[in-house]
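**Q** the sequence and its predicted three-dimensional model are supplied below.
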Amino acid sequence: MARLSIDDLKKIKEKTAKETSLREGRAKIKIMVHMGTCGIAAGARDVMNALMDELAESDRDDIRVVASGCMGMCSSEPNVTVEVDGEEPIIYQKMDANKMRQVFMRHVLKGEVQTDFALAKM
(Lines give C-alpha, C1' and ligand atoms only; values in the text may rest on other atoms or scores of the structure.)
Protein backbone atom coordinates (compact mmCIF):
# COMPACT_ATOMS: atom_id res chain seq x y z
CA MET A 1 0.00 0.00 0.00
CA ALA A 2 1.34 3.41 -0.96
CA ARG A 3 2.11 5.95 1.71
CA LEU A 4 -0.09 9.01 1.93
CA SER A 5 1.49 12.41 1.51
CA ILE A 6 0.54 15.54 3.43
CA ASP A 7 -1.33 16.76 0.31
CA ASP A 8 -3.28 13.50 0.16
CA LEU A 9 -4.30 13.90 3.79
CA LYS A 10 -5.36 17.53 3.21
CA LYS A 11 -7.55 16.48 0.28
CA ILE A 12 -9.18 13.77 2.39
CA LYS A 13 -9.80 16.28 5.18
CA GLU A 14 -11.37 18.82 2.78
CA LYS A 15 -13.59 16.18 1.19
CA THR A 16 -14.74 14.89 4.56
CA ALA A 17 -15.42 18.40 5.87
CA LYS A 18 -17.52 19.20 2.79
CA GLU A 19 -19.54 15.99 3.06
CA THR A 20 -20.12 16.56 6.78
CA SER A 21 -21.29 20.13 6.24
CA LEU A 22 -24.05 18.78 3.98
CA ARG A 23 -25.48 16.87 6.92
CA GLU A 24 -24.71 19.18 9.82
CA GLY A 25 -24.73 22.87 10.78
CA ARG A 26 -22.98 25.67 8.85
CA ALA A 27 -25.61 25.69 6.12
CA LYS A 28 -27.50 28.83 5.08
CA ILE A 29 -29.67 26.87 2.67
CA LYS A 30 -31.42 23.56 3.33
CA ILE A 31 -32.91 21.50 0.50
CA MET A 32 -35.17 18.60 1.43
CA VAL A 33 -36.03 15.97 -1.15
CA HIS A 34 -39.11 14.16 0.14
CA MET A 35 -38.35 10.49 -0.42
CA GLY A 36 -41.24 8.55 1.01
CA THR A 37 -42.44 5.51 -0.90
CA CYS A 38 -44.69 7.58 -3.17
CA GLY A 39 -41.93 10.13 -3.80
CA ILE A 40 -39.44 7.46 -4.79
CA ALA A 41 -42.01 5.81 -7.06
CA ALA A 42 -42.64 9.20 -8.70
CA GLY A 43 -38.92 9.80 -9.38
CA ALA A 44 -37.41 11.37 -6.25
CA ARG A 45 -34.14 9.43 -6.71
CA ASP A 46 -33.55 11.09 -10.08
CA VAL A 47 -34.31 14.46 -8.48
CA MET A 48 -31.83 13.76 -5.66
CA ASN A 49 -29.14 12.63 -8.12
CA ALA A 50 -29.57 15.78 -10.22
CA LEU A 51 -29.41 17.93 -7.08
CA MET A 52 -26.23 16.24 -5.86
CA ASP A 53 -24.62 16.69 -9.30
CA GLU A 54 -25.47 20.41 -9.33
CA LEU A 55 -24.24 20.82 -5.76
CA ALA A 56 -20.93 19.14 -6.59
CA GLU A 57 -20.43 21.43 -9.59
CA SER A 58 -21.29 24.56 -7.58
CA ASP A 59 -18.55 23.89 -4.99
CA ARG A 60 -20.71 25.53 -2.29
CA ASP A 61 -20.31 24.44 1.31
CA ASP A 62 -23.22 26.42 2.80
CA ILE A 63 -25.96 24.22 1.33
CA ARG A 64 -27.36 21.26 3.25
CA VAL A 65 -29.16 18.47 1.40
CA VAL A 66 -31.53 16.22 3.33
CA ALA A 67 -33.61 13.22 2.32
CA SER A 68 -36.86 13.35 4.27
CA GLY A 69 -39.94 11.21 4.45
CA CYS A 70 -43.36 11.63 2.95
CA MET A 71 -45.15 14.93 3.47
CA GLY A 72 -48.57 13.38 2.78
CA MET A 73 -49.15 15.00 -0.60
CA CYS A 74 -48.81 12.00 -2.90
CA SER A 75 -50.51 13.60 -5.88
CA SER A 76 -47.81 16.28 -6.11
CA GLU A 77 -44.72 14.04 -5.71
CA PRO A 78 -41.80 14.27 -6.07
CA ASN A 79 -41.71 17.25 -3.71
CA VAL A 80 -38.70 19.36 -2.76
CA THR A 81 -38.60 22.00 -0.01
CA VAL A 82 -36.05 24.81 -0.21
CA GLU A 83 -35.34 26.72 3.00
CA VAL A 84 -33.14 29.82 2.82
CA ASP A 85 -32.18 31.59 6.07
CA GLY A 86 -34.47 34.54 6.72
CA GLU A 87 -37.05 33.53 4.08
CA GLU A 88 -40.18 31.41 4.03
CA PRO A 89 -39.63 27.82 2.88
CA ILE A 90 -40.88 27.02 -0.62
CA ILE A 91 -42.32 23.61 -1.55
CA TYR A 92 -41.83 22.59 -5.16
CA GLN A 93 -44.09 19.94 -6.68
CA LYS A 94 -43.97 17.38 -9.48
CA MET A 95 -40.22 17.74 -9.76
CA ASP A 96 -37.94 15.95 -12.20
CA ALA A 97 -34.20 16.17 -12.81
CA ASN A 98 -34.46 19.16 -15.18
CA LYS A 99 -36.79 21.10 -12.88
CA MET A 100 -34.44 20.38 -9.97
CA ARG A 101 -31.50 21.78 -11.93
CA GLN A 102 -33.50 24.92 -12.71
CA VAL A 103 -34.59 25.37 -9.08
CA PHE A 104 -31.00 24.89 -7.92
CA MET A 105 -29.52 27.34 -10.45
CA ARG A 106 -32.19 30.02 -10.09
CA HIS A 107 -33.68 29.75 -6.60
CA VAL A 108 -30.83 28.33 -4.57
CA LEU A 109 -27.95 30.15 -6.27
CA LYS A 110 -29.67 33.36 -7.44
CA GLY A 111 -32.62 33.75 -5.06
CA GLU A 112 -35.32 33.64 -7.76
CA VAL A 113 -38.27 31.52 -6.62
CA GLN A 114 -39.52 29.37 -9.48
CA THR A 115 -43.26 29.99 -9.15
CA ASP A 116 -44.11 27.67 -12.07
CA PHE A 117 -43.15 24.68 -9.93
CA ALA A 118 -44.05 26.05 -6.49
CA LEU A 119 -46.81 24.30 -4.57
CA ALA A 120 -46.80 26.58 -1.55
CA LYS A 121 -44.93 28.82 0.83
CA MET A 122 -44.85 27.41 4.34
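**A** Great, that's in hand. Numbering: from 1, shown residues only.

**Q** pull the residues that contact stretch 86-104.
**A** By Cβ atoms under 8 Å, 6 or more residues apart in numbering, the residues outside stretch 86-104 that reach it are 31, 43-44, 46-47, 49-51, 54-55, 58, 71, 73, 76-83, 107, 113-114, 117-122. For the C-beta atoms, the positions are set from N, CA and C on the backbone; glycine is no exception.

**Q** where does this structure dip in pLDDT?
**A** Per-residue confidence for the chain (pLDDT under 70) gives these ranges: 1, 17-26, 120-122.

**Q** what about the helices in it?
**A** Ranges of helices within the chain are 6-23, 37-42, 44-58, 97-103, 109-110, based on DSSP state H.

**Q** returning to that earlier point: report the buried members of the contacts of stretch 86-104.
**A** The neighbour-count criterion (16 or more other Cβ atoms under 10 Å) marks 31, 43-44, 46-47, 50-51, 54-55, 71, 73, 76-83, 107, 113-114, 117, 119 among those as buried.

**Q** filter the residues you listed down to just the ones in strands.
**A** Among the buried ones among the contacts of stretch 86-104, DSSP state E puts 31, 80, 81, 82, 83, 119 in strands.

**Q** show me which of the residues you listed is closest to residue 62.
**A** Using Cβ to Cβ, residue 31 comes nearest to residue 62 of these, at 11.6 Å.

**Q** what distance do you get for the closest one to residue 66?
**A** Distance from residue 31 to residue 66, counting by Cβ to Cβ, to the nearest Å: 7 Å.

**Q** for the ones in strands among the buried ones among the contacts of stretch 86-104, give me CSV that also has distance to residue 2.
**A** Output for these, formatted as CSV (distance: Cβ to Cβ, whole Å):
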residue, distance to residue 2
31, 37
80, 42
81, 44
82, 42
83, 43
119, 51
